[in-house]
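Peer 1: generate a structure from the sequence data that follows.
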Amino acid sequence: MTVDRVKAFESLRQALTTSPLLLIPDFKLPFKLYIDASGDGLGAALHQVQIINDKPVEGPICIISSKIKPTEARYGLSKMECLCLFWALEKLNYFLKGCFFEVITDCTAFKSLLSMKTPNRHMLRWQIAIQEYRGNMTIVHKDGNINKNSDQLGRWPLPNNIDNPAYVPEEGSPQIPIE
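Peer 2: Numbering: from 1, shown residues only. Sure, this is the predicted structure:
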């Protein structure tokens, strides 16, 4: 083996055996859902604080991102953040249904957008979908400089293909057979 290959192997071993590894979710503990949207995509990171080696450690459970559609690219930033929450809840519902969790976002207009008296059809659909989580969900504002967990996911989204955990087949594309 060459020196470069040995270094690459050691680097890979180090990356696979040290933090941040994905944690196994403990459904008795609350979750933290970091979300962020940009003009390029949506990003979400589901975290949880667990006791590891007698110390509380916040670690990732699941990390997802997706490119936005051309029609969604015309949304304003506040509407894009609401889309991001709707999308993240839809993708991560099997973790979040029935569990307490915080949504951490850098959007200050978020709470008022979700309580609009006369929302448009998109906002109404999102409000209805988000209502089922209202008793278990708390929305927390954190400045974008602090909310680094999902900030880069929205700026560098994964392509919408079968390797992406948030994959959604587009209309007219062939479906993946389930074996």
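
Peer 1: just the helices in this protein please.
Peer 2: Taking DSSP state H as the test, the helices found in the chain are 3-17, 77-91, 93-96, 110-114, 121-131, 148-155.

Peer 1: now those helices in JSON lines, with mean pLDDT?
Peer 2: Putting the helices of the chain into JSON lines (pLDDT from 0 to 100) gives the following:
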{"stretch": "helix 3-17", "mean pLDDT": "77"}
{"stretch": "helix 77-91", "mean pLDDT": "90"}
{"stretch": "helix 93-96", "mean pLDDT": "94"}
{"stretch": "helix 110-114", "mean pLDDT": "72"}
{"stretch": "helix 121-131", "mean pLDDT": "85"}
{"stretch": "helix 148-155", "mean pLDDT": "60"}
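
Peer 1: which residues sit in contact with the most centrally placed residue in the chain?
Peer 2: Of all residues in the chain, the one closest to the mean position by CA atoms, centre = their mean is A44, 1.4 Å from it. Neighbouring residues of A44 by CB atoms under 8 Å, 6 or more residues apart in numbering: 33-36, 63-65, 84, 87-88, 91-92, 150, 153. To be clear about C-beta, it is placed using only N, CA and C from the backbone, and glycine gets the same treatment.

Peer 1: from E132, how far off is it?
Peer 2: 18 Å (CB to CB, to the nearest Å).

Peer 1: how about T118?
Peer 2: 22 Å.

Peer 1: these two: who's more crowded?
Peer 2: E132 (13 against 6; other CB atoms under 10 Å).

Peer 1: so what's the residue lying closest to M80 once chain neighbours are set aside up against?
Peer 2: Distance criterion CB to CB, 6 or more residues apart in numbering; nearest residue to M80, sequence neighbours excluded, is A37 at 4.1 Å. By CB under 8 Å, 6+ apart, the residues touching A37 are G43, I68, L77, M80, E81, L83, C84, G154.
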